[in-house]
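Q: Pasted the sequence and its predicted model underneath.
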Amino acid sequence: MPQQPSPRHSDARAPLLTVTADTLIAVDFGPRTRRRPPGPYGRLFALPGTRAFTLANLIARLPMGMFSVSAVVMIAGTRGSYALAGAVTATGLAATALLAPWIARLVDRRGQARVAVPATLCAALGSLALLLCVRYDAPAWTLFAAYAATATTPNTGGMSRARWAHLLKGDPDSLHTANSFEQAADELCFMLGPVLAAFLCGAFFPEAGTLVAVVLLVTGVLAFAAQRSTEPPPSGRTVARATAASTSPFRSPGMRPLLAVCLALGAVFGSTEVVTIAFADAHGQRTAAGVVLALQAAGSCAAGLLYGRLRFAGPAEDRYPWCVAAMTALLTLPLLATSLTGSLPLLSAALLIAGMATAPTMITNMTLVQRRTPDGRLNEGMTLAVTALLGGIACGSAAGGWVVEHLAPTAGYGVPVTAAALALLVTLAMPGTRKAT
């Protein structure tokens, strides 16, 4: 009886040899399994060095959502004054608005590693000084001085976007995917950062959030700076780029309206945060405010990843008004949810849906900012946008707090709707932006 082949030797991939009369051997490898082509994000991270610098940058970026919450909890918990805590963090935002473009300009001219590392160490010392001043009950003015020193923190998200722009030059579709991923990463960090900070400060000691944020920031920036193979060359090294860098991004055609929109969008974010905390506190569930805000960021993160997989035929200028209009329309949902029902779970669902318009709007905005920024000054151009956002956040926080205190938390949700409507008006009044491309 002939021996049957064992299962381990009957692989469909094994070649079958057929000998003909002419002693020709035909080789048939049988059925083959086709590999599924990688998606846009798979192709993105197949580039050498991209995974390493992205992971390091995410570690460095996570503290961006931790510092302000940690400072507020730490100062208010020990000094018993939310007014003092808010004033200190507002001072830090103002200092960042002044120093961030200058730091970004140095990064473009001297290189990311040469500037980001010392700037980060200076910011880390400022955070540690704030921690010590709070811990040992130093005079109030020392809190302002210490937190102002943290303004030297480099724009880690801008540096990551600059690397993508350098690696993907001439490939707008892949750059769109990269910008979408970066915006989703921003949303993820600002979703997890406040929750992590609140947990550390509550579960351990008030200074724990700031301490962990400093460690993450320094570790992430050092690891990011070590990835030299993907770092864009400094603009000061070539005559061509130095000449192109003579034009300030702020003076580039179409840039100022975009920055005005960023200012209004920042007011949306700042007012939404303050009003949501006040609304949850009014319903006796203040600790749930972080989770509610995290849901909004989660909706934006998911929408950003989906937006990155889409391919658009028309220019970004055509999509921009629609994105801002969708954001304005969806922001009416939290206002309706709180006005008609006053339900915190319903508010959570409304913010989740409203957040889905945030990432597409910001992705399109950053795409336009990149296109209008002169060569060699990309990090500075994007930092200008971030600075405008920070200024808007400060204004929105103040406006939202005033409405909550003098009217009601429910009425406070009218502030982000108003700010988004102003952003839409500015967007519709941008006549020269299409020609600038």
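A: Arrived safely, thanks for sending. Keep in mind it's a predicted model, so treat the numbers as computed, not measured.

Q: residue contacts, Ala129?
A: 142, 146, 149 (C-beta atoms under 8 Å, 6 or more residues apart in numbering). Quick note: C-beta positions are derived from backbone N, CA and C, even for glycine.

Q: As a markdown table, those with pLDDT and secondary structure would be great.
A: Below are the contacts of Ala129 laid out as a markdown table (pLDDT from 0 to 100; DSSP: H, G, I helix; E, B strand; the rest coil):
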| residue | pLDDT | secondary structure |
| --- | --- | --- |
| Thr142 | 91 | helix |
| Ala146 | 91 | helix |
| Ala149 | 90 | helix |
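
Q: Please indicate which of those residues are buried?
A: Neighbour counting with 16 or more other C-beta atoms under 10 Å marks 146, 149 as buried within these.

Q: Tell me the one of the contacts of Ala129 nearest Arg251?
A: Ala149 (29.8 Å; C-beta to C-beta).

Q: How about that closest one, nearest residue that isn't a chain neighbour?
A: In space, and not counting its chain neighbours, Ala149 is closest to Gly126: 2.9 Å by C-beta to C-beta, 6 or more residues apart in numbering.

Q: That neighbour contacts Thr142, correct?
A: No: assessed by C-beta atoms under 8 Å, Gly126 is found out of contact with Thr142, at 11.3 Å.

Q: I'd like the average pLDDT over stretch 165-181.
A: Here stretch 165-181 scores 82 as its mean pLDDT.

Q: Now do the strand or helix carrying Leu121, average pLDDT.
A: Assigned by DSSP states H and E, Leu121 belongs to helix 112-135. Per-residue pLDDT over helix 112-135 has a mean of 92.

Q: Could you do stretch 396-414 as well?
A: The average pLDDT for stretch 396-414 rounds to 82.

Q: shouldn't Leu47 be in contact with Leu167?
A: Yes: with contact defined as C-beta under 8 Å, Leu47 reaches Leu167; the gap is 6.0 Å.

Q: Look at these two and report which has more neighbours.
A: Remark: of Leu47 and Leu167, Leu167 carries more neighbours, 19 against 14, as counted by other C-beta atoms under 10 Å.

Q: Quick check: chain neighbours aside, which residue is closest to Glu231?
A: Glu231 sits nearest to Gln112 (C-beta to C-beta, 6+ apart), 5.3 Å away.

Q: quick one, helices of the stretch 201-350 of the chain?
A: 208-225, 239-244, 255-282, 289-309, 316-330, 332-340, 344-354 (DSSP state H, counting those that start in this stretch).

Q: Now do the phi/psi pair for Arg311.
A: Main-chain torsions, Arg311, degrees, to the nearest 10: phi -120, psi 130.

Q: contacting residues for the residue nearest to Ala149?
A: 146-152.

Q: Kindly report the same for Ala267.
A: Counting by C-beta under 8 Å, 6+ apart, Ala267 has contacts 392-393, 395-396, 399, 415-416, 419, 422.
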